[in-house]
Every structure is written in C-alpha cells, then in structure tokens.
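S.K.: sequence-free structure coming up:
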C-alpha cells in the first residue's frame with residue numbers, strides 16, 4: 001500500500017475546519033533563499049483540485065474557496081520551509 005501524499009494527509013487532518021460560505025482565502029508564501037521542491041507544486045495542485053475555484057494565481061499566491069483547503073495548503077507550505085500569511089476576503093467584482 002502506498003503512503004498518501006502530504007496534500008491528502010493535511011487535507012484529511014483539517015476535516016473539522018469550519019467553512020465560511022462566500023469567503024475566499026488567500027495564502028501568500030515565500031521560500032526566501034530556498035527553491036521549493038517539485039513535490040510542493042504537485043501537492044499544491046492536488047489541494048486546488050479539492051475545491052472548485054481554488055488555484056495558484058501567482059507563483060507565490062494561492063487562492064482557495066475552502067477554509068479546509070487553505071489550512072492544508074498552509075501546513076504544506078510551512079512543511080517545505082516557506083514563510084506564510086493567510087488572508088480572508090470576499091470578492092467584490
């Protein structure tokens with residue numbers, strides 16, 4: 001049996017994260033002095049697939065429509081050595 005990916009593991013651990021309908025989450029991360037592993041990008045794509053509308057919108061900005069997805073993405077980025085900030089908002093236009 002294969003080991004689940006970190007994305008899957010962190011997503012499953014965040015099962016009790018309360019959702020907030022109509023809210024979007026922005027994860028900003030910086031790998032200062034580090035080059036992120038290709039596994040980071042693969043796992044981030046896996047998380048984006050968990051919630052419609054979630055996507056990498058710039059190289060260091062991940063937009064999530066699910067609080068659970070952003071919680072897992074935050075843990076993932078921190079695991080790979082990034083400094084992380086999370087913001088919550090509502091799209092106006």
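M.R.: Yes, it's here. Model, not experiment: these values are computed from the prediction.

S.K.: kindly state the pLDDT recorded for the most centrally placed residue in the chain?
M.R.: Closest to where the C-alpha atoms of the chain average out (C-alpha atoms, centre = their mean) is residue 73, at 2.4 Å. Model confidence at residue 73, given as pLDDT, is 98.

S.K.: hmm, it is touching residue 47, no?
M.R.: Yes: Residue 73 lies in contact with residue 47 (C-beta atoms under 8 Å); the separation is 5.1 Å. Where you see a C-beta, it was placed from the backbone N, CA and C, and this is true even at glycine.

S.K.: tell me the helices and strands packed up against the helix or strand where the residue nearest to the centre of the chain lies.
M.R.: Using DSSP states H and E, residue 73 falls within helix 67-79. Under the contact definition 3 or more C-beta pairs under 8 Å, 6 or more residues apart in numbering; DSSP states H and E, helix 67-79 sits against helix 6-13, strand 24-30, helix 38-48, strand 61-64, strand 83-89.
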